[in-house]
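Chemist: Output the structure for:
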Amino acid sequence: MSGCSCGSTRITGVSGKVSDLCLIQLGHYEHDGYVPTGWGIGGGDYIEFRYCLDCGRIQGKFPLHPKTEQEHDDA
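Modeler: Numbering: from 1, shown residues only. I've put the predicted structure just below:
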């Protein structure tokens, strides 16, 4: 397992099946339903991500720029 940018190798994984019971908030935007893809936390029925136990950083390629449903509708 690779280490974090803080130098720690204490990386743990989180995985959970939420079906359509996921709430995401970003400013005034709320998404209630399946886990949205493109947010770095999984997708569909599953929340899946890795994070550092020392600094708390979620592991992956960042920054992410997820679009809200309203932005998808306007595109």
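Chemist: can we go C-alpha only for contacts and neighbour counts from here?
Modeler: Will do.
Chemist: State the distance from Gly40 to Ile47.
Modeler: Distance of Gly40 to Ile47, computed by CA to CA, to the nearest Å: 9 Å.
Chemist: For the chain, which residue occupies the most central location?
Modeler: Nearest residue to the geometric centre of the chain (CA atoms, centre = their mean): Ile41, 2.3 Å.
Chemist: Name the surrounding residues that touch stretch 34-43.
Modeler: Applying CA atoms under 8 Å, 6 or more residues apart in numbering, the external contacts of stretch 34-43 come out as 18-22, 44-49, 60, 64-66.
Chemist: What ranges in this structure fall below the confidence cut-off?
Modeler: 1, 66, 68-75 (pLDDT under 70).
Chemist: what about the strands in it?
Modeler: For the chain, the strands defined by DSSP state E occupy 11-17, 22-26, 29-33, 42-43, 46-52.
Chemist: strand partners of the fourth one, parallel vs antiparallel please.
Modeler: Taking DSSP bridges as the criterion, strand 42-43 forms sheet pairs with strand 46-52 (antiparallel).
Chemist: For the strand it pairs with, buried residues please.
Modeler: Tyr46, Ile47, Phe49, Arg50, Tyr51, Cys52 (16 or more other CA atoms under 10 Å).
Chemist: With stretch 18-34 instead?
Modeler: Val18, Cys22, Tyr34.
Chemist: any chance of these in a markdown table, plus distance to Gly7?
Modeler: Below are the buried residues of stretch 18-34 laid out as a markdown table (distance: CA to CA, whole Å):
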| residue | distance to Gly7 |
| --- | --- |
| Val18 | 32 |
| Cys22 | 32 |
| Tyr34 | 34 |
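Chemist: which one of those residues sits closest to Arg10?
Modeler: Closest approach to Arg10 among the buried residues of stretch 18-34 (CA to CA): Val18, at 25.7 Å.
Chemist: still on that earlier bit, looking at the buried residues of strand 46-52, which one is closest to Gly3?
Modeler: Distance to Gly3 across the buried residues of strand 46-52 (CA to CA) is lowest for Cys52, with 8.3 Å.
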